[in-house]
Each structure stands twice: as structure tokens, then as C-alpha cells.
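1. model this:
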Amino acid sequence: MKLFILLFASFAFSLQLSAACVSNKHEFEENKNGTVIDKKSQLMWMKCSLGATWENNTCAGSALKYDWKNAVYSVSIFNDYTAPGGYSDWRLPTIKELETIVASNCVNPAIDEKAFPATRSSGYWSITEDASYDYGAYLVFFLHGKPYLSNKQAEWFVRLVRNL
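-> Next comes the predicted model:
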């Protein structure tokens with residue numbers, strides 16, 4: 001009987017890990033243009049990482065990695081040429097803003113996968129630089145949702161945000 005309970009518990013746990021995790025602290029309003037609104041923070045987020053595009057209700061293509069300088073530059077190019085919904089004020093989030101979309105009940109990735117499909121369990125840049133280290137900027141590592149200081153020359157993913 002103990003073996004059956006152990007096997008059932010392992011099976012149930014594996015099902016939980018394979019299902020898309022949904023945040024227990026946020027309510028995201030889905031838009032049809034590849035964006036979501038976080039009703040708590042009143043920020044609009046791109047559903048897909050920069051490099052991927054929203055097509056047929058999913059993120060198509062590949063998310064791209066950028067060093068920090070090119071991430072900042074790519075946002076201006078994105079706003080000039082490809083910004084969805086008619087908005088041209090997308091930006092890198094601050095570290096505090098980026099931390100607001102961490103789903104503490106989710107792991108690998110630590111984000112609501114319904115609101116943000118195909119999120120990599122990796123680092124995502126913020127605009128927040130380190131005041132005491134000229135070559136450092138902060139990111140959130142979405143494997144577990146923790147913030148880190150990274151060298152700006154390292155390459156990480158990007159998720160864009162805008163104020164409502």
C-alpha cells in the first residue's frame with residue numbers, strides 16, 4: 001500500500017510539473033494583440049520575449065539574447081518598426097517591475113505560463129543599473145524568480161513593458 005501511495009504521489013507531482021503554471025498572486029487581462037495587462041501593477045507586458053512574435057495564440061519564432069547595451073538599443077528599434085497595438089512607448093522594465101511578474105508558486109519557469117508562454121527559465125534584463133558597478137545591471141532569473149546582478153556584456157533575454 002505504501003508503494004502505491006508513493007507511486008501515485010510521484011505521478012501526481014509529475015503531472016503538476018508538466019502542466020502550465022498559473023500565478024496565484026496576479027490577474028492578467030488577456031489582449032488579442034500579444035499583450036497582457038497586470039491588473040495589480042497596471043502595467044502592460046508583451047506576452048512573448050523579444051525576438052519571438054505573437055501568432056495564432058502562441059509565441060512563434062525564437063527569443064533572442066542581448067547584451068544590456070543592445071537590449072536597450074533594440075527597444076528603440078522595436079518601437080520604431082514592429083511595436084504591436086499602435087504603441088511606441090515599450091521599454092525595459094525596472095528590476096522592481098520585472099519582479100512583479102514572478103509567480104512564486106511556479107518554478108522552471110517562475111512565471112504565469114498562460115500570460116507569458118514560452119518564457120525561458122533564464123535571465124531577463126531590467127533597465128536597473130548597479131550604482132556601485134559601472135558594468136552591472138540587474139535581471140530576474142526565471143528558473144526560480146530571483147534577481148541577480150550581471151555584467152552588462154553578458155547576454156540575456158528581454159521582456160518589454162509599458163505604462164497604461
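2. where does the protein have low pLDDT?
-> For the chain, the stretches with pLDDT under 70 are 1-19, 24-25, 83-84.
3. now do 50
-> 1-18 (pLDDT under 50).
4. which residues of it fall in strands?
-> Taking DSSP state E, the strands of the chain run over residues 28-30, 35-38, 43-46, 53-55, 58-60, 123-129, 136-141, 146-151, 161-163.
5. Quick check: neighbours of the fifth one in the sheet, parallel or antiparallel?
-> So the one you mean is strand 58-60. Sheet pairing for strand 58-60, assigned by DSSP bridges, gives strand 53-55 (antiparallel).
6. Quick check: buried residues in the partner strand?
-> Trp54 (16 or more other C-beta atoms under 10 Å). Quick note: C-beta positions are derived from backbone N, CA and C, even for glycine.
7. Check stretch 39-46 too.
-> Result for stretch 39-46 [16+ other C-beta under 10 Å]: buried residues Ser41, Leu43, Met44, Trp45, Met46.
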